[in-house]
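Visitor: Sharing a model prediction with you, sequence too.
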Amino acid sequence: MKRTKQQDNHLVQISNNNRKQKLENQITSINSTKSDRVYLLEDLANEIHYEIFEYLDSYDIYKGFYKINKRFQNLAINSNVLTRMNISTISKSNFEDYYQNILIANPNRIKFLRLSNPFTTDIIFPSSRTILNFTRLQILILDNVQIEHFIKVIRRSKELPLLHSLTISLIGYNRALDLLFLNIFRLPKLKYCKIEYQTKVNDYELFYSTRDDSSPMECLIINGQFPIKAFQNLLSHLPKLKHLSINPIVFSPNYVEQEKLSHIQLKYLKHVSLKLNGISFDQFEKIIKKFFYHIQLLRFTTRLNKDYLNAKRWQEVIISHMPYLRIFDINHEDWITNKNLKYHDMIHQFNSSFWMEKRWFFTHQHLWSESNSGVFYSTAPYRRKDYIYYRMSINPICSNIQKENLNSVTHLCIANKEVEHDCMIYFPNVKTLSIKNEFIKSSDSTIATLQCMIPLKQLTKIVTECCIFPIDNIINLLCFTPNVHTLNLNSLLLYNINKNSNKQNEIFQYVSEKNKVQTLVLYWKCSLSDVKFIVDLFPRLEYFKVEMNIKEIEQIIRFLLSKTHNKTQSLCYLCLLKIPKVFLKQTKILIKSENLLNNYSIKYIDNDLHLWW
């Protein structure tokens with residue numbers, strides 16, 4: 001009998017629990033037999049150490065065990081965990097030490113490799129041939145890599161016999177989408193590919209080539225603007241594709257409406273997820289007719305086009321052109337400006353027998369207090385990881401509505417300025433919280449409400465997208481979120497507070513001592529006094545991405561790199577946003593003249609200065 005993914009996950013959880021219990025029993029047994037003397041780490045058998053290693057990253061094993069003695073050095077080298085290299089934010093000297101002792105000596109053992117900053121790719125792959133040493137590499141993840149370095153690496157990757165999974169996140173703005181995709185399509189064993197990139201509006205090269213560059217890829221995820229004009233050409237390279245996700249697919253200014261789409265047989269394509277930007281229903285319908293005949297799941301997000309709320313038209317399209325469709329998952333945001341049309345009348349069409357018989361149910365939320373605007377979306381049994389909370393409708397449009405399954409939601413975005421108690425929902429597994437607007441109510445009241453919606457202690461990341469969000473609100477929220485390690489803030493209001501008196505505040509002192517924030521991204525122009533305040537608040541900061549007051553950049557860099565205080569002893573990566581290129585040279589001069597750093601790397605990428613030490 002074929003097991004479901006949920007059953008597999010349950011079995012994995014049971015296996016992990018059994019291993020953990022076995023490890024605890026072994027340690028308990030040693031404790032009981034050696035209770036007459038001091039318990040030492042060396043007393044544990046090699047098998048127990050290998051069990052412990054299963055819960056650690058490869059760098060943690062190296063840092064914690066490699067230099068104890070020869071026995072532990074051999075244990076670290078022989079551990080299967082060293083086949084998985086997940087290198088996150090560490091200092092340049094620590095990385096180079098790890099690189100010299102582990103990576104250089106063991107490239108042929110590595111099956112999983114993840115690099116997380118734009119400098120490490122250059123170090124590990126100094127030439128295009130270097131990747132050929134990774135003969136057992138199966139999964140490659142490159143975060144924040146420049147496209148030219150990625151192309152250099154990937155061109156020789158086609159000679160790797162086992163590489164089947166590729167995830168890349170490109171840094172900076174990219175035009176050469178043609179080179180990007182064509183090199184990926186030439187990987188002969190690739191089954192899974194996830195690509196994330198940024199482009200300036202309508203500033204990208206489309207790729208055109210023959211189907212001779214056919215790829216064996218089965219799953220493709222694109223997070224970046226992908227032009228609708230290149231959609232057909234993309235699919236022509238992917239005859240074995242099963243899962244497709246694009247966020248977003250965008251309208252092309254030179255898109256020819258009369259251009260005929262060639263029919264492509266995609267008999268394996270079953271799951272499609274799209275975010276549509278500026279794509280009309282007419283254009284989307286043509287795509288459905290040509291490419292989506294065999295799909296079983298269609299998930300799409302669109303906005304500001306009432307044609308997508310035409311239930312009768314959807315019924316005709318589904319019956320005629322998607323006969324195997326099992327899941328229809330729509331998320332549509334709109335404002336109805338035509339006085340002769342009512343929002344509720346339009347969405348009520350989805351309450352007919354056609355939708356009921358297929359057990360496709362829907363609900364909606366209103367945007368702000370406008371009853372003629374809203375977000376219309378599918379409900380259970382579809383499992384979403386992301387959920388946007390607007391102003392909930394107390395009375396759903398469908399009397400047969402099913403309760404939503406919110407157990408799968410790990411990212412909650414609150415778009416409203418307040419959460420009404422009558423419409424409160426609980427999200428038990430949320431790890432990331434995004435806030436789009438400053439809350440109307442007091443900080444204490446807001447936190448009390450949030451505690452009723454999500455387990456705050458479970459949060460690991462907080463994002464604010466609003467233009468106004470006072471620092472006091474962040475500090476108060478961090479009192480209840482001790483496991484947050486990443487803050488991504490669109491703004492941080494510091495100019496209207498007394499920083500010195502705030503530092504003496506008991507809440508500030510508590511948060512400063514207890515918080516675990518290591519990564520801070522701040523889209524707000526900071527002064528030197530702001531930076532000093534931030535450093536006092538987040539003493540364990542490792543990665544700091546921020547926009548700064550141009551006149552104080554030299555002073556700020558000097559402070560952050562200073563050896564006269566220990567406030568930034570964990571900091572090892574600094575990204576300065578939107579600064580002139582002249583600061584690349586000036587920063588080098590400053591570091592050298594004042595001997596601020598002995599070992600560092602520096603780059604200027606698309607108006608941003610990156611410094612790693």
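Guide: Cool, got the structure.

Visitor: Phi and psi next, for Arg303.
Guide: phi -160, psi 160 (degrees, to the nearest 10).

Visitor: from memory it sits against Ile330, does it?
Guide: No. In this structure, Arg303 is not within contact of Ile330 by C-beta atoms under 8 Å, at 11.4 Å. From N, CA and C alone the C-beta is placed, and that goes for glycine too.

Visitor: These two: who's more crowded?
Guide: A count of neighbours by other C-beta atoms under 10 Å puts Ile330 above the other of Arg303 and Ile330, at 18 against 15.

Visitor: so what's the more buried one bridging to?
Guide: Phe300 (DSSP bridges).

Visitor: ok, it - contacts?
Guide: Shown in contact with Ile330 (C-beta atoms under 8 Å, 6 or more residues apart in numbering): 300, 308, 362, 376-378.

Visitor: what's the answer for Thr83, then?
Guide: 109-112, 136.

Visitor: what's the farthest-apart pair in those?
Guide: Farthest pair in the contacts of Thr83 (C-beta to C-beta) is Arg109 and Phe112. Separation: 10.7 Å.

Visitor: Could you identify the helix or strand that succeeds the helix or strand of the chain with the lowest mean pLDDT?
Guide: Least confident helix or strand of the chain, by mean pLDDT, DSSP states H and E, is helix 5-33 with a mean of 50. Later in the chain than helix 5-33, the nearest helix or strand by DSSP states H and E is helix 46-53.

Visitor: Work out the gap between that next one and the centre of the chain.
Guide: Computed by C-alpha atoms, centre = their mean, to the nearest Å, the separation of helix 46-53 from the middle of its chain amounts to 31 Å.

Visitor: Now find how far off-centre stretch 521-540 is within its chain.
Guide: 24 Å.

Visitor: likewise stretch 467-483?
Guide: Per C-alpha atoms, centre = their mean, the centroid offset for stretch 467-483 relative to its chain is 22 Å.

Visitor: any idea of the mean pLDDT in that stretch?
Guide: The average of the pLDDT scores along stretch 467-483 is 89.

Visitor: next one: stretch 269-279
Guide: 97.

Visitor: got the CA coordinates for that stretch in PDB?
Guide: These are the backbone C-alpha positions of stretch 269-279, laid out as PDB (Å, rounded to 0.1, in the frame of the first residue of the first chain):
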ATOM      1  CA  LEU A 269       2.300  17.900 -15.100                       C
ATOM      2  CA  LYS A 270       0.000  17.500 -12.100                       C
ATOM      3  CA  HIS A 271       0.600  20.400  -9.700                       C
ATOM      4  CA  VAL A 272       0.600  24.000 -10.700                       C
ATOM      5  CA  SER A 273       1.000  27.000  -8.400                       C
ATOM      6  CA  LEU A 274       1.100  30.600  -9.900                       C
ATOM      7  CA  LYS A 275       1.000  34.100  -8.700                       C
ATOM      8  CA  LEU A 276      -0.400  36.200 -11.500                       C
ATOM      9  CA  ASN A 277       0.700  39.900 -11.900                       C
ATOM     10  CA  GLY A 278      -1.100  41.800 -14.600                       C
ATOM     11  CA  ILE A 279      -2.300  38.700 -16.400                       C
END
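
Visitor: got the contact list for the nearest residue to Ser79 once chain neighbours are set aside?
Guide: Distances taken as C-beta to C-beta, 6 or more residues apart in numbering put Phe53 closest to Ser79, at 4.8 Å, once the chain neighbours are dropped. Phe53 makes contact with 61, 75-76, 79-81, according to C-beta under 8 Å, 6+ apart.

Visitor: And for Lys385?
Guide: Lys385 touches 408-411, counting by C-beta under 8 Å, 6+ apart.

Visitor: Asn277 versus that one, what's the distance?
Guide: Applying C-beta to C-beta, to the nearest Å, the value for Lys385 to Asn277 is 21 Å.

Visitor: Which stretches in the stretch 401-550 of the chain count as helices?
Guide: 443-453, 471-479, 499-504, 506-514, 528-537 (DSSP state H, counting those that start in this stretch).

Visitor: Might you list the low-confidence residue ranges for the chain?
Guide: 1-39, 202-212, 254-263, 338-341, 368-371, 380-382, 391-403, 420-423, 440-442, 492-504 (pLDDT under 70).
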